[in-house]
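# sequence and predicted model, in that order:
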Amino acid sequence: MAIDLSRLNNSPAVSTTTRSSGTKESSAVSADTSVTKTSAVSSGEPVTLSDGAQQLQKITDKLNDQPTVNSARVAALKQSIADGSYQVDSAKVAGKLLNFEAQR
């Protein structure tokens, strides 16, 4: 049984996979035809990623390693608010509010 995941949302077929009598064949048509990384998943079937997919995975990994909150910046802002030295630039806030409302 072959499942063609590229046909989701009625998009044209991009890759096909067929199985017959224990033999596995697959062919893929892609804008990025260079394929360099192959690894085996737990089912024993090889997984091949294009250069673009590998690059996207590296970027995703780097983003996941980044903290969602800049703790040092938060601590500095809390300290400046606590000691009364934090100054709000009202013209800058007003300008950003106007830009935000203009985009809606």
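Yes, it's here.

# show me where the protein has its strands.
15-20, 23-28, 35-40, 46-50 (DSSP state E).

# hey, least reliable of these by pLDDT?
Within these, the stretch with the lowest mean pLDDT is strand 23-28, showing a mean of 43.

# the spatially closest residue to residue 77 that is not a sequence neighbour: neighbour count?
Take residue 77 and drop its neighbours on the chain: the residue closest to it by C-beta to C-beta, 6 or more residues apart in numbering is residue 86, 6.9 Å away. Every residue, glycine included, has its C-beta placed from N, CA and C. Residue crowding around residue 86 was assessed by other C-beta atoms under 10 Å; the count is 12.

# hang on, residue 86 packs against residue 76?
No. Residue 86 is beyond contact range of residue 76, at 9.6 Å (criterion: C-beta atoms under 8 Å).

# what about the chain, any weak spots by pLDDT?
Low-confidence segments of the chain, defined by pLDDT under 70, are located at 1-41.

# mind listing the helices for it?
Counting by DSSP state H, the chain has these helices, from start to end: 51-65, 71-82, 90-103.

# of all those helices, which lies closest to residue 42?
Proximity to residue 42, assessed across the helices of the chain by C-beta to C-beta, is greatest for helix 51-65 (18.3 Å).

# could you tell me the angle between that closest one and strand 46-50?
Here helix 51-65 runs at 90 degrees with respect to strand 46-50, directions being taken by axes from the mean of the first three to the mean of the last three C-alpha atoms, to 10 degrees.
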